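> got a structure for you, letters missing:
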């Protein structure tokens, strides 16, 4: 949330979600390619430190996948997994390369907690196809964990810079719908989150979210509304 | 150019570039997925009409690849090829699917004229990795025609919407450089173009362009400057 300390806004939601039983959180830092001038390893170290400081304050120990000798085993053994934001393409590239995309999906379906922000929220979707990020690297596949059956567009933005010939966010999503007519896309604005427990999905936060589907006028959904149509489309 | 009739700004540059010898221009409409509610075929028809009207006024006949029975032969026989803007991923997906990505490259190296705007400018690069577009479909490969050895970021924008937690354009490009340290990226602003004849590259238009390379401070280059460093890096 721009203008606030890092992860300050969702702190209380993290605690509500993880509760007292979870002690340790496996962190996925691969989206964070730009935190250091000294290379990716240092960038991931800095990212882990930045996020671990927040989680430690909340009572959780956070440890990063990039320091694990056996990342597949680490995912299988994780109580909770947190996927940080940054560049979605590099994140998805690494999850496939390390071989943990499907492992994360299996672990969460078997009961592990999953949380992700920005690029990390796209990884919960069927694919990365509604990211806003630059395709700085070609992943083995666009497929993601498919924990939810719809696509999130994070940092959803209504405004459009003046004098700019590029597409608006809504136009981009409408292009997506033209070639993917069966999927819902959710425009998730800043200071908002989606929480799913079992098959129950809830929007929490300061703003409504905007829903897009081919053949329908885009519409707004308020926090607390029934979202079963997204889970069972 | 926002606020002007379609393709009005580059009209005189199109005429300067194509001259009197070229009569016919093969158009690639595949980026234009969003022009019609009736489906992609209709969208491509409308896009062809929109662009053909401009070219006809300038004295050129424009005909679209999507109506050619043998698109590979059409590329091989083309005097000039124009690639329209829209969604870069759908464009690159189709160029690979139809089998003409390498054919365009070969045709241009053998003497055909190439022009592209927005998504069409990215197709002239080594790959699509510096597009701003949403990855609405997964192409067979990110590789493009490699007519130039550097990457263009079209619609380059200095501004950043207020209160937005996403990355600025410069941050996105800097992420690209972290994982692609050997490539130059050119931020091409609105109402500007790059023209290459043989090995001579020239910036024309209303603004400087911004140059990015790993390990260097980004810098501005004025129209008319020597750009040999981009062609022979």
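On my side now, so go ahead. These numbers come from a predicted model, not from an experiment. Numbering: from 1, shown residues only, chains lettered A, B, ... in the order given.

> who are the contact partners of residue A:96?
If you count contacts by CB atoms under 8 Å, 6 or more residues apart in numbering or on different chains, residue A:96 has them with A:139, A:140, A:141. C-betas here are computed from N, CA, C, even on glycine.

> how about the second one, phi and psi?
Dihedral pair for residue A:140: phi -60, psi -30, per degrees, to the nearest 10.

> before we move on, what about the first one?
Dihedral pair for residue A:139: phi -80, psi 160, per degrees, to the nearest 10.

> helices of chain A, start to end?
A:11-18, A:40-57, A:71-77, A:88-98, A:101-109, A:119-122, A:169-179, A:228-231 (DSSP state H).

> which among those helices is found nearest to residue B:111?
helix A:169-179 (33.9 Å; CB to CB).

> who touches the nearest residue in space to residue A:195 that is not next to it in sequence in this structure?
Leaving aside its chain neighbours, residue A:195 sits nearest to residue A:202 (5.0 Å; criterion: CB to CB, 6 or more residues apart in numbering or on different chains). With contact taken as CB under 8 Å, 6+ apart, residue A:202 is in contact with A:194, A:195, A:196, A:223, A:224, A:227.

> my guess is residue A:201 meets residue A:193, correct?
No - with contact defined as CB atoms under 8 Å, residue A:201 does not count as touching residue A:193 (11.0 Å).

> sorry, back to before: of the helices of chain A, which approaches residue B:115 most closely?
Smallest distance to residue B:115 across these (CB to CB): 22.6 Å, for helix A:169-179.

> what's next to that closest one, contact-wise?
A:129-130, A:132, A:151, A:153, A:156-158, A:160, A:167, A:183, A:185, A:187, A:210, A:212-214, A:218, B:33-34, B:40, B:43, B:86-87, B:90, B:133-134, B:136-137.

> apply 6 Å and report the result again.
Helix A:169-179 is touched from outside by A:153, A:157, A:185, A:212, A:214, B:33, B:34, B:87, B:134, B:136, B:137, with contacts defined as CB atoms under 6 Å, 6 or more residues apart in numbering or on different chains.

> for it, the distance to its chain's centre please.
How far helix A:169-179 lies from its chain's middle: 20 Å, per CA atoms, centre = their mean, to the nearest Å.

> and what of stretch A:21-28?
Relative to the chain's own centre, stretch A:21-28 is displaced by 16 Å; criterion: CA atoms, centre = their mean.

> just to revisit the earlier point, check what pLDDT the residue nearest to residue A:195 gets.
At residue A:202, the model reports a pLDDT of 97.

> so how far is residue A:2 from it?
24 Å (CB to CB, to the nearest Å).

> geometric centre of chain A: which residue is closest?
In chain A, the C-alpha nearest the mean C-alpha coordinate belongs to residue A:121, at 1.3 Å (CA atoms, centre = their mean).

> just the pLDDT for that residue.
pLDDT, residue A:121: 98.

> tell me the domain boundaries of chain A?
Per automatic domain parsing, the structural domains of chain A span A:1-135, A:148-233.

> most tightly packed of these?
Of the domains of chain A, the one with the most neighbours on average (mean count of other CB atoms under 10 Å in any protein chain shown) is domain A:1-135, at a mean of 19.

> how long is that domain from one end to the other?
23 Å (CA to CA, to the nearest Å).

> now the lowest-mean-pLDDT helix or strand in chain A against helix B:88-98, angle please.
None of the helices or strands of chain A scores lower by mean pLDDT, DSSP states H and E than helix A:169-179, at a mean of 93. Put simply, helix A:169-179 runs at 30 degrees to helix B:88-98, going by axes from the mean of the first three to the mean of the last three CA atoms, to 10 degrees.

> enumerate the residues of chain A near chain B.
A:2, A:33-34, A:87, A:129, A:134-138, A:142, A:155, A:159, A:161, A:163, A:165-166, A:172, A:174-176, A:178-179, A:190 (CB under 6 Å from any CB of the partner chain).

> ok, back up a step: where among the helices of chain A is average confidence lowest?
Between the helices of chain A, the lowest average pLDDT goes to helix A:169-179, which shows a mean of 93.

> for residue A:215, which non-adjacent residue is spatially closest?
Here the residue nearest residue A:215, using CB to CB, 6+ apart, is residue A:181, at 7.3 Å.

> surely the one you found meets residue A:214?
Yes - counting by CB atoms under 6 Å, residue A:181 touches residue A:214, with 3.9 Å between them.

> quickly list what the spatially closest residue to residue A:156 that is not a sequence neighbour is bridged to.
Distances taken as CB to CB, 6+ apart put residue A:187 closest to residue A:156, at 3.3 Å, once the chain neighbours are dropped. Taking DSSP bridges as the rule, residue A:187 bridges to residue A:153, residue A:210.
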